[in-house]
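>>> need a structure here:
(2 chains)
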Amino acid sequence: MAFTTSDPVGSEPDPIPLKILIAGGFGSGKTTMVGSISEVRPLKTEEQLSSLSVGVDSVSGVEAKRTTTVAMDFGRIAITPRLTLYLFGTPGQERFWFMWDELSRGALGAVVLADTRRLPDSFAAVDYFERRSMPFVLAVNCFDGAPRYLAEEVADALALPPAVPVVLCDARNRESTKYVLTTLVGQVLARLENAGQRPQ
Amino acid sequence: MARHESPDGGEWLDQEAGPLVRLYGVTRGRTHGAPTGLDLLSVVVTESRPPTDARLGPEHLAILRLCRRPRAVVEISADLDLPIGVLHVLLADLDADQLITIRLPNQAALHPNAPLLEELLHGLHNL
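The predicted model follows:
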């Protein structure tokens, strides 16, 4: 397949697509957070369709019918004419983590949503982004009736490195989501500036 | 699309709804053709109208209509409710017929510099 560059001669370059992942355990508020700041649309992938493509004639057998649709939430925000921000709510169940690798390629960073009633559910996502040295913020979604903790207490419980910002948020609230995202972008920017100052 | 309620509250689609086709029917059973290196954020643009004898299905034509203005792969998938894997196969068909151009995502996204991140911060504040 032929690819052209993103800067075709004689026309406007395509907007720069920046990508932020919204991760966290099942029911931690990923869909709500994406929906609080943009229109949310489900994006589907057929799990088996791609994995069967290796050496298997999928039309001949019942294998072709064994497809699982994995849906994730996808939001798009036009920041400026030359800058588009895409938000991807990663599939919560661990068995769909094969999607994360594709999604995290080229991502700016991630928001890991945590529910204080089920804090261990966010371990896996924290671990995933730490291993890949991807910048992330931990956003504690303050559900009604859930126990309240200080950000420091949550950071301790999850053994987060000091560089990871922890913010308390309400995923339903647009301003709160904006705060979480700007915290993340600020973190990415700080990292970039630190790297620039490091002696070569 | 004509819709009717069945007695148990489910939805019936009559012939006006067109054929109900399983996803592997849309791709004629093919699972190959996912263009290597096709990113979720690659951009698709329709280059020319399909020849009238083209062996294209309704999904192919829908992609061509949608991409008269450049669209990211994820947006096509969401707009047309086609799973990514199915869309890959259809895009490979259209590309082979030279009806579309597929562009890599604007590479400035891979290594965002400080001014770009500041533009994003400012934009988020002003939402």
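
>>> Would you verify that residue B:59 is located in a strand?
No: remark: residue B:59 does not belong to a strand; assigned using DSSP: H, G, I helix; E, B strand; the rest coil, it is helix.

>>> That one contacts residue B:82, doesn't it?
Yes: counting by CB atoms under 8 Å, residue B:82 is a contact partner of residue B:59 at 6.4 Å. Just so you know, the C-beta spots here come from the backbone N, C-alpha and C atoms, and that holds for glycine as well.

>>> Provide the secondary structure category for residue A:146.
Three-state assignment for residue A:146 (three-state DSSP): coil.

>>> Any stretches of chain B with poor pLDDT?
Scanning chain B for pLDDT under 70 picks out the ranges B:1-26, B:28-37, B:53.

>>> Now the strand or helix carrying residue A:175 - C-alpha only, CSV.
Residue A:175 is part of helix A:174-197 when elements are defined by DSSP states H and E. Listed in CSV are the C-alpha atoms of helix A:174-197, where the atom choice follows Å, rounded to 0.1, in the frame of the first residue of the first chain:
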residue,chain,number,x,y,z
ARG,A,174,-16.2,19.4,32.1
GLU,A,175,-14.1,21.8,34.0
SER,A,176,-12.8,19.0,36.2
THR,A,177,-11.9,17.0,33.1
LYS,A,178,-10.2,20.0,31.6
TYR,A,179,-8.1,20.3,34.8
VAL,A,180,-7.1,16.7,34.6
LEU,A,181,-6.0,17.0,30.9
THR,A,182,-4.2,20.3,31.4
THR,A,183,-2.3,18.7,34.4
LEU,A,184,-1.2,15.9,32.1
VAL,A,185,-0.1,18.2,29.3
GLY,A,186,1.7,20.3,31.9
GLN,A,187,3.5,17.2,33.0
VAL,A,188,4.5,16.3,29.5
LEU,A,189,5.8,19.8,28.9
ALA,A,190,7.8,19.8,32.1
ARG,A,191,9.3,16.5,31.1
LEU,A,192,10.3,17.9,27.7
GLU,A,193,11.9,20.9,29.3
ASN,A,194,13.8,18.9,31.8
ALA,A,195,15.1,16.6,29.0
GLY,A,196,16.2,19.7,27.1
GLN,A,197,18.2,21.0,30.1
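
>>> Centre of the chain to it, how far?
Using CA atoms, centre = their mean, to the nearest Å, the mean C-alpha position of helix A:174-197 is found 15 Å from that of the whole chain.

>>> same check, this time on stretch A:97-112
For stretch A:97-112, the distance to the chain centre is 6 Å (CA atoms, centre = their mean).

>>> got the end-to-end distance for that stretch?
Using CA to CA, to the nearest Å, the span of stretch A:97-112 from its first residue to its last is 15 Å.

>>> For it, list every residue counted as buried.
Within stretch A:97-112, the residues that count as buried by 16 or more other CB atoms under 10 Å in any protein chain shown are A:99, A:100, A:103, A:104, A:106, A:107, A:108, A:109, A:110, A:111, A:112.

>>> Closest one of the residues you listed to chain B?
residue A:106 (5.4 Å; CB to the nearest CB).
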